[in-house]
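Novice: Pasting a predicted model and its sequence here:
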Amino acid sequence: MAEKDDGREMEGGAAAVPGAAYRASACEKNRPLIKLPLRHRLSSKVLLLTVLSVLVAEVLIFVPSVASMRMRWLTARLDTVAAVSIVLADGQTPDVPRAVQDSVLLATGTKAIALREKDASRLLAMSEMPKTIDQHIDLAHTSEAAAIWDAFDTLFAGGNRTLRVYGPVGNGDKVIELVTSDAPLREAMLDYAANVAFVSLVISLIAASLVYLAINELLLRPVRRVHRNIIHFAEAPDDPTRIIVPDSRKDELGVAQRQLAAIQTDLQRTFSEQKHLADLGLAVSKINHDMRNILASAQLMSDHLADAKDPIVQRFAPKLIRTLSRAIGYAESVIAYGRAQEAPPKQRRVLLHTIIADVEETLPIDPDSGIEFRNMVPRDFEVDVDAEQFFRIMTNLCRNAVQAMAADRPSDSSVVKRLTITGGRVGSVAIIGIEDTGPGLPQMARDNLFTAFRGSTRSGGTGLGLAIAHELVRAHGGAIELRGDRTFGTHFEIRIPDMPVSLASWRKQRQAAKAGKSA
C-alpha cells in the first residue's frame, strides 16, 4: 500500500514539480505554528495525562508499601521489646525493680510488656493498665489484605488508640506481648507517606518528561506538521509547493502522510481540470453561439430546398431539415449547460426502433469499412424516455462503437464488424443493449469509464460521449454499465424504469413464446 502511494506521489505530487520537494520543505520550516491556548494543545494534554498515569502507578505501589512499612515498624518494635524482655526474664529476682520497668517502657515506647511461654504468662513491666484495648494484632498471622486495611485505618482514623501487639520470639515457643499507643505509629506512617509522595512526584515528573519527549518525537511532531500543512494547503490548494513531503517512516503516520500527499495531489489535479473545464465551457459557449447562428441560416436555406421539385431533393430535404434542427438544439443545449445543469427529461412513450433508425442515419459508417449495423429492437417496443435525450445517448454510444471498429484494422479480412442494438423488458424495466465486435475497451478507459476527459477510448478523444450518456441515463432514473461477460468487443447495457406490463399483455407474450418453442 505504501509503495503504491509513493508511486502516486512521484507521478503527480510535489516530486513531479521541479524543486517542489525542496521548496515545500523550506516553506514548512518557515511557516509559523498555529497559536492555540495552552490548555487546548495536544502536547499539554499528553504531558498531563502522562503525569497522572505515573502518579496513579505510584499510588498503586504506595498502597502495599505503606502496609508493609506499618508491619515492619510493629515488628521492629516487638523485636526490640523481645530482646529487653529476655534479659529481664533471666534476672535473679522475679520482680523487676520499678525504676528498671520505667526505663524499659520509656525506651521502648510501650505501656506494658508481657512474656508468655507455654501456658504461663509473666508481666515484665507496666506503667499503667489501659481501660480498653482497641485492636489486637497478631504479627505472625496477619494477611496482606488485612495489613492494607489496617494501614489505611491507622492513617485516617488512628492516633488515639491502644494496640496489643504480640508475636513469637525467634523460632522458640515464647511469645512476647506489648501494649502501646498507635500515635507514634501513625506519625511514622504520615512521614513515610509524605516522603513517598515527594519521591513519587519527582519520579512522575522525570518519567513523564522522558515519555513526553519520546511521544513528542514519535507522534506529536509529525501530527503538528500534518496539522500545519493541512491549514496552509487549504489557504492555497492550487499551489504545488504546499503539498506535504512525506517522511520516510514506515509506521501509521508515514502511511497517513503519504495518503495525505496523494489526496492533495488528486485535489490539485481536480482543481486544474475544473479550471480547464471552466475555460473550455466558456470557449464552447462562444463557439456554439456563433455556430447556432450559422446553423439557423443553413436551416433557413434548407426550408427553400423543400419547395424544389427534384425528387432527390424531396427525398433528402426532410432529413436535412431534421438534422439541422437537432444541431441547433444541441448548440442551444451546450450554451445552456454552461449556465446550469442538463434539463430534466420530458418522458413520453416512444418507439425505440424509430429512434435507433434515426441514429443509424447519422452514423459516419463508410461503406468500404465493412461495418454492419443491426437494429434488432422490435418495431412495437416502447420505452418511457425523452426522445431527444435518448437519441443523444444512443448516438454517443453507437458513434464510439463505429469509430472503434473503423480504427481497428485486423490482418484477417474475414473478421466481422457488427454493431447490434437490442431491446427487451424484464418486469417493469426496459433493457437496451449496445454490442459491437470491435477490439474492446483498454484498461485505462475501463478504470475511468464515465469520467470526462479520462474515459476516452481513442487517441484525441475527450471521453465526453460516455460522460454525457451516463448523466442522461441517470436523469431518467436508470443505469448504464459495461458488461464484462464478453471475451471480445464491447457490450453496454442500459436499464430504464418503465411502466409495468399489464397481466394480459404478459400472458399474451408468454403464450406466443410457448407457441414459438412448440413450432
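Specialist: Received it, and whenever you're ready, just let me know what you need.

Novice: separation between Asn160 and Leu190?
Specialist: Taking CB to CB, to the nearest Å as the measure, Asn160 falls 15 Å from Leu190. Bear in mind the C-beta positions are built from the backbone N, C-alpha and C, glycine included.

Novice: Pick out whichever of these two has more residues nearby.
Specialist: Leu190 (15 against 10; other CB atoms under 10 Å).

Novice: now that one, what's its secondary structure?
Specialist: Of the three states, Leu190 takes helix under DSSP: H, G, I helix; E, B strand; the rest coil.

Novice: Start at 219, not 1
Specialist: In the new numbering, first residue 219, that becomes Leu408.

Novice: Quick check: chain neighbours aside, which residue is closest to it?
Specialist: Nearest residue to Leu408, sequence neighbours excluded (CB to CB, 6 or more residues apart in numbering): Leu373, at 7.1 Å.

Novice: Tell me how many other residues crowd the one you found.
Specialist: Neighbour count of Leu373, defined by other CB under 10 Å: 17.

Novice: cool, and Gln661?
Specialist: The tally of other residues near Gln661 (other CB under 10 Å) stands at 8.

Novice: so what's it up against?
Specialist: Shown in contact with Gln661 (CB atoms under 8 Å, 6 or more residues apart in numbering): no residues.

Novice: can you count the residues close to Ile712?
Specialist: 23.

Novice: Show the backbone phi and psi for it.
Specialist: phi -110, psi 130 (degrees, to the nearest 10).

Novice: Check the contact between Leu438 and Lys263; I expect there is one.
Specialist: No. In terms of CB atoms under 8 Å, Leu438 does not count as a neighbour of Lys263; the distance is 10.1 Å.

Novice: Please say which of the two ends up with more neighbours.
Specialist: Neighbours were counted for Leu438 and for Lys263 using other CB under 10 Å; Leu438 has more, 17 against 11.

Novice: So for that one, what's the pLDDT?
Specialist: In this model, Leu438 is scored at 76, pLDDT.

Novice: secondary structure class for it?
Specialist: Assignment for Leu438 (three-state DSSP): helix.

Novice: longest strand of the chain?
Specialist: If each strand of the chain is counted by residues according to DSSP state E, the longest one is strand 635-644.

Novice: What is that strand packed up against?
Specialist: helix 570-580, strand 589-593, helix 605-625, strand 647-654 (3 or more CB pairs under 8 Å, 6 or more residues apart in numbering; DSSP states H and E).

Novice: quick one: strands adjacent to that strand?
Specialist: Sheet pairing for strand 635-644, assigned by DSSP bridges, gives strand 589-593 (parallel), strand 647-654 (antiparallel).

Novice: related to what we said a few turns ago, next SSE after the helix or strand harbouring the residue nearest to Leu408?
Specialist: In this structure, Leu373 sits in helix 362-375 according to DSSP states H and E. Where DSSP H and E defines the elements, the next helix or strand beyond helix 362-375 is strand 380-386.

Novice: tell me the angle that next one makes with helix 362-375.
Specialist: If you take axes from the mean of the first three to the mean of the last three CA atoms, to 10 degrees, strand 380-386 sits at 150 degrees to helix 362-375.

Novice: Which strands and helices lie in contact with strand 380-386?
Specialist: helix 260-307, strand 353-356, strand 392-399.

Novice: looking at those, which is closest to Val414?
Specialist: Judged by CB to CB, the one of these that comes nearest to Val414 is helix 260-307, at 5.4 Å.
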